[in-house]
Each structure stands twice: as structure tokens, then as C-alpha cells.
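[1] only geometry, no sequence info:
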């Protein structure tokens, strides 16, 4: 096998491993959402109902995610480079603008009204309901609108 052929094969293998790692990470994320009950919009809406029957479950799930991400970033950055890529792909933008703040506001409004954010919404597709379908349609429409605006 020539050197070029070996490199081409290594690049193809790296791509397959990268896709498999992404799939596994998404599967683990969805499983975590399902086990924690975060695919149930009533849990999220219960968390937002601070004056009524407040449900603190989301706070513990978010706290666990923050701790996991904090430790995970430290471990990954200590390596110097990612396992399946030549370099880290980190955001470079450091400013707040109207697009970011508007998008964050729309995300928060949609989350508060529906009880779903994108991850749990996609993880809940198996139990599709009319409200979930409406949210998914609005989410996809938002992606297309954002793409046209940019």
C-alpha cells in the first residue's frame, strides 16, 4: 500500500470514527434526557412554575450537566487536541448582538411556552403529539428563516 493510499485510508477511518462518536454522544444525550424525565414538558413547565407546584428536577439535571461539562472540558483540553480531529473548533465571536439576543429570547419564549427545547423535542419524536409537532415545525421554520436572514 502506497503512502498516499495509507493516508487516504486513515482519513476515511477518522471520518467514520468521528461520525460514530457523534452518534454515540447523541444517543447518550437522548438516553440521559429520557432517564431524567426531561423529555416530559410538564417537568420543565413545573420548574418554571415557581409560584405554584414547583418541580426542582430540572435544576439538578442542569447542575449535573454543568459539573460534567466543567470536568469534561478540563480533561479534553489537557490532551492538547481532540481525539477525532486535528484541532478544536471553538467559537471565536465574543460580542453580544441583536441576532444572538433575539435568538436567545425566542428560544426562551418557545421553551417556556412548550416545555421543550430542541434536544428533548427530538428525543420525544417517538411519542409525537400535536403540540410537539407544532414545536418541531416552528423550530425547522426558524432555522430556515435564520438562514435567509444571515
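    On my side now, so go ahead. Keep in mind it's a predicted model, so treat the numbers as computed, not measured.
[2] Which positions in the longest helix along the chain come out as buried?
    For the chain, the helix that runs over the most residues, judged by DSSP state H, is helix 3-36. Under the neighbour-count criterion of 16 or more other C-beta atoms under 10 Å, helix 3-36 has 30, 32, 33, 36 buried. Glycine gets a C-beta too; all of them are placed from N, C-alpha and C.
[3] And the residue nearest the centre of the chain, how far from residue 111?
    For the chain, the residue nearest the mean C-alpha position is residue 119 (5.5 Å; C-alpha atoms, centre = their mean). Look at residue 119 and residue 111: by C-beta to C-beta, to the nearest Å, they are 11 Å apart.
[4] same check, this time on residue 26
    On the measure of C-beta to C-beta, residue 26 and residue 111 end up 20 Å apart.
[5] What of residue 131?
    Counting by C-beta to C-beta, the separation of residue 131 from residue 111 is 13 Å.
[6] With residue 30 instead?
    For residue 30, the distance to residue 111 - C-beta to C-beta - is 18 Å.
[7] Equivalent analysis for residue 52, please.
    For residue 52, the distance to residue 111 (C-beta to C-beta) stands at 18 Å.
[8] more neighbours, the two?
    Shown here are residue 52 and residue 111; by other C-beta atoms under 10 Å, residue 111 has more neighbours (19 against 9).
[9] in the host helix or strand of the more buried one, what's buried?
    Using DSSP states H and E, residue 111 sits in helix 98-114. The neighbour-count check on helix 98-114 (16+ other C-beta under 10 Å) flags 110, 111, 114 as buried.
[10] what sits against the second one?
    For residue 111, the contacting residues are 44, 117, taking C-beta atoms under 8 Å, 6 or more residues apart in numbering as the criterion.
[11] can you check the last one too?
    Residues in contact with residue 114, defined by C-beta under 8 Å, 6+ apart, are 41, 121, 131, 132, 134, 135.
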